[in-house]
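mind looking at a prediction? Sequence and model below.
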Amino acid sequence: MSRYSSRQAPSPPIITLYDTPGHTPQPWAPNIWRIRFILNYKRLRYRTIWVEFPDVEATMRSISAPPSSLRSDGRPVYTLPVIVDPTRNPMKPEILANTNHIAEYLEAAYPARPVFPEGARAVQTLFVHYIQEVFAKPLLPIMVPISHQQLQLRGARVSQQPAPAYLSGPQREQAWQAVKEQFDFLAMILDKNAGDGDGTVAMGRDVSYADFALCSVLIWIERMAAHDGWARVRTWNNGRWHRLWDRCREYMDEF
């Protein structure tokens, strides 16, 4: 027998997703979940590299990742997610930052199983912008302190900035009421799809990037505030949000 016969063929290159760990083995960050959903939905093979918050900038610079954005003074901002894709050109892998840029790239590079329905890219982009910039805003005073606290409990190294103020009592209930108002408004809009499919998803019948953006927020609540947050949200609007979570469930596992 040849001494080379037992050698295995080299593994094909796969995409690398850079993520930040939470207080459980399950990923939690909503912007990164949007990319996980796309990778899983498109059945793309990938691996995860976990990077603690204080190490993000140094790690991203070390792999020559572009900044995700620029500050007003022109200084670069490095955040996750970042992907490295060597599958198309192993000698010169694609390195991308910024959730929206990555989503656009994955859709163009891997058009099978599209997440942007034909002719709906502009509407989808507007919907995702609304989720990020309007819908999720009332959640921040609740979820950011909770997330910070949970990461500290896990022993993760988080930002050296002072911990965000934790809401309690009437302030907390008032904040949740503001969140519910956003959920109620979105439910009213999505109910217009009731005559097309089951009305659970944004496009009426099939899941799309819009649903992944929304479900990423639901996962954030479910993973970081299961008892106080998800226990509320899953019952709102006659269980609509739990049904959406259920529709997206099969795309929460890596292919």
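On my side now, so go ahead. Here the structure is a predicted model, which is why all the values come from computation and not from measurement.

give the residue spans of this structure that score low on pLDDT.
Along the chain, the parts satisfying pLDDT under 70 run over 1-10, 25, 152-163, 196-197, 255.

can you check which helix is longest in it?
Criterion DSSP state H: the longest helix present in the chain is helix 169-190.

tell me, what residue is most central in the protein?
Centre of the chain computed as the mean C-alpha position; nearest residue by CA atoms, centre = their mean is Trp33, 2.3 Å away.

grab the nearest non-local neighbour of that residue.
The shortest distance from Trp33 to any non-neighbouring residue, by CB to CB, 6 or more residues apart in numbering, is to Ser216 (3.8 Å). Just so you know, the C-beta spots here come from the backbone N, C-alpha and C atoms, and that holds for glycine as well.

what sits against that neighbour?
Pro30, Asn31, Trp33, Arg34, Phe37 (CB atoms under 8 Å, 6 or more residues apart in numbering).

which of those count as buried?
Pro30, Asn31, Trp33, Arg34, Phe37 (16 or more other CB atoms under 10 Å).

these two touch, right, the last one and Leu214?
Going back to what we said before, that points to Phe37. No. With contact defined as CB atoms under 8 Å, Phe37 does not reach Leu214; the gap is 10.4 Å.

thinking again about what came up before, restricted to strands, list the buried ones among the contacts of Ser216.
Among the buried ones among the contacts of Ser216, the subset assigned to strands under DSSP state E is empty.

columns distance to Ala175 on top of the residues you listed, output as a markdown table?
Below are the buried ones among the contacts of Ser216 laid out as a markdown table (distance: CB to CB, whole Å):
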| residue | distance to Ala175 |
| --- | --- |
| Pro30 | 18 |
| Asn31 | 21 |
| Trp33 | 22 |
| Arg34 | 24 |
| Phe37 | 27 |
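
for Asn40, what are its contacts?
Tyr251, Met252, Asp253, Glu254, Phe255.

now for these: which two are most distant?
Greatest spatial distance among these (CB to CB): Met252 and Phe255, at 11.2 Å.

which one of those two has more residues nearby?
Met252 (15 against 11; other CB atoms under 10 Å).

the residue nearest to the more buried one when sequence neighbours are not counted in helix, strand or coil?
In this structure, Met252 finds its nearest non-sequential neighbour in Asn40, 6.9 Å apart by CB to CB, 6+ apart. Classification of Asn40 using DSSP: H, G, I helix; E, B strand; the rest coil returns helix.

state the distance from Asn40 to Lys137.
Asn40 sits 27 Å away from Lys137, taking CB to CB, to the nearest Å as the criterion.

which residues in this protein form helices?
Going by DSSP H, the chain shows helices at 30-41, 56-62, 99-109, 121-130, 140-154, 169-190, 209-224, 231-233, 236-248.
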